[in-house]
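In: What shape does this take:
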Amino acid sequence: MAATETETDALETPAEPVLQIEVKVNTTSTCERHVVVEIPESEVQRYRRQSFDDVMPKAELPGFRAGKAPRKLVETKFKDQVAEQVKSNLVMDSLQQITEGEHFSAISEPNFDFEAIDIPDSGSFKYEFTIEVRPDFPTPEWTGLKLTKPICNLSDEQIDAHLSKVLSRFTTPIAVDDVVHKDDLVVLNATFSHEGKQVSSFEEEAVAVRGSLSFGDAQIEDFESLIVGKREGDKFTVSITLSDSAAKDELKGAEVQAEFEIHEVQRIEVADISHGLLENLGFDDVEELRTFARTELERQFEYHQLQAVRKQIVDELTKGADWEMPASLIKRQTNRELQRMMLELQRSGFSHQQINSYLNASRRNAQETTIRSLREHFILEKIAEDLEIEPKPEDYDKEIALIAEQNDASPRKIRARLEKSGQMDAIRNQIIEREVVLRITDAGTITEEEDYSFLKTDSEGPSLNFSIAGELRDIPEAMHDNDPGALPGAPKLPSTDKEE
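Out: The predicted model follows:
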């Protein structure tokens with residue numbers, strides 16, 4: 001019986017043999033593992049032979065046509081380069097096999113010095129690394145929780161109050177020759193100094209005169225009283241204590257001097273809702289504008305409702321989850337947690353000013369916020385795995401559409417930005433975590449309670465997207481390159497068909 005085309009293809013393209021490795025995993029802490037990898041000499045030689053098989057057809061040596069030089073001569077000429085390539089391939093293939101296996105659930109790249117690893121001419125090949133992992137724990141019992149769920153019925157008066165805020169966001173402030181009043185906008189220049197040395201500065205930042213003024217790593221209480229009654233050109237100085245989450249270690253908890261200069265005083269006057277104003281805002285009539293305001297407020301309440309229920313759930317499920325978190329993990333995840341929060345707030349209809357307020361509060365307590373968020377994520381992700389929850393393409397489309405709407409941008413542009421910045425994983429996590437919270441809520445005992453606290457005014461004051469001690473930075477993600485670097489002064493390996 002003749003073989004079918006499918007059977008023939010299977011015979012002609014046998015599966016690559018699995019790399020044989022020996023792995024020893026030592027637990028150094030709850031979220032960290034030390035791993036020793038040993039690859040037998042037979043596998044090293046197999047990879048070495050394969051590398052030379054790839055090089056031979058295109059190897060060019062003096063006196064020989066391309067691909068016609070004796071193998072021994074090619075092996076001598078390209079020995080060092082092939083050794084680097086073999087090392088790279090063995091490390092990358094073994095790492096992939098380990099991280100995709102059942103040894104642990106990795107949450108970071110392996111940490112090791114690739115250049116310090118040597119591949120022997122004979123004998124087995126060994127290397128070791130440390131890696132951050134998700135803690136190993138049994139899934140907590142999550143059904144039957146007693147939960148209080150906020151509810152609200154928005155009145156016309158509440159919609160009108162929010163509509164006024166919406167209009168003020170889209171109304172151009174007018175410069176005035178007057179003293180500063182409460183609720184004015186002031187355009188400020190500022191310089192921040194510590195022990196006589198300038199730390200940072202900004203120019204022409206617009207700030208609403210209302211309550212306190214918050215930064216990413218500090219807050220000026222009752223900023224309103226410091227500036228009301230002053231005029232354009234006036235200067236004033238205030239001492240500020242930076243938070244313990246300041247980006248620079250030497251400035252954590254330090255006192256800095258802030259000198260402010262009022263560059264301009266502006267005032268917002270919300271005019272009557274005329275046809276011209278509606279047209280400028282992109283609405284056909286007042287009712288469409290009111291619908292927009294209601295929808296935005298409803299989305300904000302949904303966020304408030306979900307967060308209130310989520311807090312009750314994770315408070316219960318994380319009891320005893322006092323896992324030790326490596327400092328490197330906390331540092332790396334801090335900015336990612338802030339990015340995730342920003343995306344969640346954007347999709348929930350919050351303004352840039354409201355988002356800055358939430359983010360600054362988290363920045364000032366960055367370590368505590370990150371540790372709490374990581375514990376919550378580990379628990380919710382474990383439940384998601386048990387329930388086999390995984391986002392569908394339409395779930396991503398919905399999230400991106402909501403973020404795009406709030407940013408007045410196209411979904412395509414937002415998706416491209418998220419993919420380029422590596423934030424699609426944050427979108428995935430928030431979809432999964434939201435679905436888990438909804439499943440737990442459905443499986444719990446719910447008591448409804450009216451709650452309008454999310455409607456609170458911005459009495460806490462304005463927030464600037466600015467940190468006095470500088471911004472927290474991520475630890476670089478890509479620590480290892482798949483391609484070995486060229487050896488100084490060595491001949492370049494010929495390209496292979498695979499590389500083309």
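
In: Report how far apart the opening and closing residues of stretch 341-357 are.
Out: By CA to CA, to the nearest Å, the extent of stretch 341-357 from end to end equals 12 Å.

In: my bad, stretch 213-224
Out: Using CA to CA, first and last residues of stretch 213-224 are 8 Å apart.

In: And that stretch, what's buried?
Out: 213, 214, 215, 216, 217, 218, 219, 220, 223, 224 (16 or more other CB atoms under 10 Å). For glycine as for every other residue, the C-beta is placed from the backbone atoms N, C-alpha and C.

In: helices or strands up against the one helix or strand the last one maps to?
Out: Pointing back at residue 224 there. For residue 224, the element it lies in under DSSP states H and E is helix 223-227. If you count contacts as 3 or more CB pairs under 8 Å, 6 or more residues apart in numbering; DSSP states H and E, helix 223-227 packs onto strand 235-241.

In: still on that earlier bit, and the helix holding residue 224, how far out from the chain middle?
Out: 35 Å (CA atoms, centre = their mean, to the nearest Å).

In: Equivalent analysis for stretch 106-120, please.
Out: For stretch 106-120, the distance to the chain centre is 24 Å (CA atoms, centre = their mean).

In: Now do it, average pLDDT.
Out: Stretch 106-120 shows a mean pLDDT of 88.

In: contact partners of it?
Out: Contacts to stretch 106-120, defined as CB atoms under 8 Å, 6 or more residues apart in numbering, come from residues 31, 35, 44, 83, 86-88, 90-91, 95, 99, 125, 127-134, 328-329, 332, 477-481.

In: what does stretch 250-258 give?
Out: Under CB under 8 Å, 6+ apart, the answer for stretch 250-258 is 190-194, 199, 218, 220, 237-246, 468-469.

In: which among the contacts of stretch 106-120 end up buried?
Out: With burial judged by 16+ other CB under 10 Å, the buried subset of the contacts of stretch 106-120 is 31, 35, 44, 83, 86-88, 90-91, 95, 99, 125, 127, 129-134, 329, 332.

In: Return the subset of the residues you listed lying in helices.
Out: Using DSSP state H, the subset of the buried ones among the contacts of stretch 106-120 located in helices is 44, 83, 86, 87, 88, 90, 91, 95, 99, 329, 332.

In: The nearest residue to residue 310 once chain neighbours are set aside and residue 49, how far apart?
Out: Closest residue to residue 310 apart from its sequence neighbours, by CB to CB, 6 or more residues apart in numbering: residue 437 at 4.9 Å. Going from residue 437 to residue 49 by CB to CB, to the nearest Å gives 53 Å.

In: ok, the two, which is more surrounded?
Out: Higher neighbour count among residue 437 and residue 49: residue 437, with 21 against 12, using other CB atoms under 10 Å.

In: State whether the more buried one and residue 309 are indeed in contact, as I suppose.
Out: Yes: look at residue 437 against residue 309 with CB atoms under 8 Å: they come within range, at 6.3 Å.

In: shared neighbours, the two?
Out: Common contact partners of residue 437 and residue 309 (CB under 8 Å, 6+ apart): none.

In: can you give me the helices in this structure?
Out: Secondary structure of the chain (DSSP H): helices at 5-12, 41-55, 71-77, 79-99, 156-170, 223-227, 275-281, 286-317, 327-347, 352-364, 366-387, 393-406, 411-420, 424-442.

In: Serialize the ones you listed to CSV and add fields for mean pLDDT and distance to residue 179.
Out: Compiled in CSV, those are given as follows (pLDDT from 0 to 100; distance: least, CB to CB, whole Å):
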stretch, mean pLDDT, distance to residue 179
helix 5-12, 45, 83
helix 41-55, 91, 77
helix 71-77, 84, 82
helix 79-99, 90, 63
helix 156-170, 84, 21
helix 223-227, 94, 10
helix 275-281, 77, 29
helix 286-317, 92, 32
helix 327-347, 87, 35
helix 352-364, 88, 24
helix 366-387, 91, 37
helix 393-406, 94, 35
helix 411-420, 94, 42
helix 424-442, 94, 45
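
In: For residue 147, which of those helices is the nearest?
Out: helix 286-317 (5.2 Å; CB to CB).

In: in the closest one, what's buried?
Out: Buried-residue list, helix 286-317, by 16+ other CB under 10 Å: 289-290, 292-294, 296-297, 299-301, 303-306, 308-310, 312-314, 316-317.

In: Please state the offset of that helix from the chain centre?
Out: The answer for helix 286-317 is 22 Å, by CA atoms, centre = their mean.

In: tilt between that helix and helix 156-170?
Out: Put simply, helix 286-317 runs at 100 degrees to helix 156-170, going by axes from the mean of the first three to the mean of the last three CA atoms, to 10 degrees.

In: Who are the packing partners of helix 286-317?
Out: Judged by 3+ CB pairs under 8 Å, 6+ apart, helix 286-317 is in contact with strand 146-151, helix 156-170, helix 275-281, helix 327-347, helix 366-387, helix 424-442.

In: Could you give the number of residues near residue 352?
Out: Using other CB under 10 Å, residue 352 has 15 other residues around it.

In: That one and residue 237, how far apart?
Out: 28 Å.

In: so how far is residue 251 from the residue nearest the centre of the chain?
Out: For the chain, residue 336 is the residue whose C-alpha lies nearest the centre (CA atoms, centre = their mean; 2.7 Å). As judged by CB to CB, residue 336 and residue 251 stand 23 Å apart.

In: How is this structure divided into domains?
Out: Domain ranges of the chain: 18-132, 146-167+282-455, 173-267, per automatic domain parsing.

In: Minimum distance to residue 464: which of those has it?
Out: Here domain 173-267 is closest among the domains of the chain (CB to CB), at 5.7 Å.
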